[in-house]
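> here is a sequence with its predicted model. Questions after.
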Amino acid sequence: MRPRLYKKTLDTGDIGLTTDNLPEGEKVDFRNWFGGERCDLPLELEIGTGKGEFLLRQAGTVSSVNYIGLEYAKKYSLYAADLARREGLKNIKIVNAEALSFIKNHVGDETFRQIHIYFPDPWPKRKHNRRRFIQENNLRELHRILAPGGLIRIVTDHDDYFTWIKKHISSVENLFQCLPFSSPEAAGEGELVGTNFERKYQRKGRAFHGVILKKRDG
């Protein structure tokens, strides 16, 4: 049985991390986070891990990859890390951090082979649109941390946000090639990704939008 979200005895082991002990502005060699035989495996990043439903399934399905999840809400990052510990996953770390700050300060160039961004906060009010994570400047930052030929996988259920996403993608078309969305390995039958959010709104008949951005050579 999975633990309740607010249970005080959540134990994150060495899976749940924060940026408290990381020197400001210093890039991290994430291979040291995993160590042993796992240190040379490819890395993937999820931005906005939530309760960890997708990332834990993906890490369990594809054990030949190391995964890092970024989650700003402390209660969710603790919950996801506790689940990963209970399931004995050795290829996953959950970091309680604001995504853009973590990326700018601690992620070196060409670090990740894939970046997953599923159902990001749409900030639907016009006065809040500027808070949306997927925008031109942030896409340029993600381009920097992607390995050659690396992918960004994006899914949203919000029509206006997807229109916004396409507009900002067009501003960096020299950096990325747009590809049709294809589901990651851990997605179940009939699922696009396999998150709690997707399942909730799939039952309500909500439409989902997805796109893959591939880093261009040169």
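On my side now, so go ahead.
> from here on, contacts and neighbour counts on C-alpha atoms
OK.
> next SSE after the helix or strand bottoming out on mean pLDDT in the chain?
Ranked by mean pLDDT, DSSP states H and E, the helix or strand of the chain with the weakest confidence is helix 196-202, at a mean of 83. Next in sequence after helix 196-202, counting helices and strands by DSSP states H and E, comes strand 209-215.
> sorry, back to before: quick one: contacts of the least confident helix or strand of the chain?
Under the criterion CA atoms under 8 Å, 6 or more residues apart in numbering, residues 53, 119, 191, 192 lie in contact with helix 196-202.
> list the buried residues of that helix.
198, 202 (16 or more other CA atoms under 10 Å).
> helix or strand for the residue nearest to the spatial centre of the chain, which one?
Among the residues of the chain, the one closest to the centroid is residue 46, at 1.3 Å (CA atoms, centre = their mean). In the assignment (DSSP H and E), residue 46 maps to strand 43-47.
> what pairs with that strand, parallel or antiparallel?
Its sheet considered, strand 43-47 pairs with strand 66-71 (parallel), strand 112-118 (parallel) by DSSP bridges.
> can you give me the strands in this structure?
16-18, 43-47, 66-71, 92-96, 112-118, 146-156, 176-180, 209-215 (DSSP state E).
> list the neighbouring strands of the longest one plus their orientation.
Meaning strand 146-156. strand 112-118 (parallel), strand 209-215 (antiparallel).
> show the average pLDDT along that strand.
Average pLDDT, strand 146-156: 97.
> list the contacts of stretch 57-67.
Contacts for stretch 57-67 (CA under 8 Å, 6+ apart): 34, 38, 41-46, 55, 89, 91-93, 184-186.
> straight-line length of it, end to end?
11 Å (CA to CA, to the nearest Å).
> what does the average pLDDT come to for it?
Across stretch 57-67, the per-residue pLDDT values average to 97.
> and it, what's buried?
By 16+ other CA under 10 Å, the buried positions in stretch 57-67 come out as 57, 58, 59, 60, 65, 66, 67.
> now render the strands paired with strand 146-156 as JSON lines, adding mean neighbour count.
Converted to JSON lines, the strands paired with strand 146-156 look like this (neighbours: other CA atoms under 10 Å):
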{"stretch": "strand 112-118", "mean neighbour count": "22"}
{"stretch": "strand 209-215", "mean neighbour count": "20"}
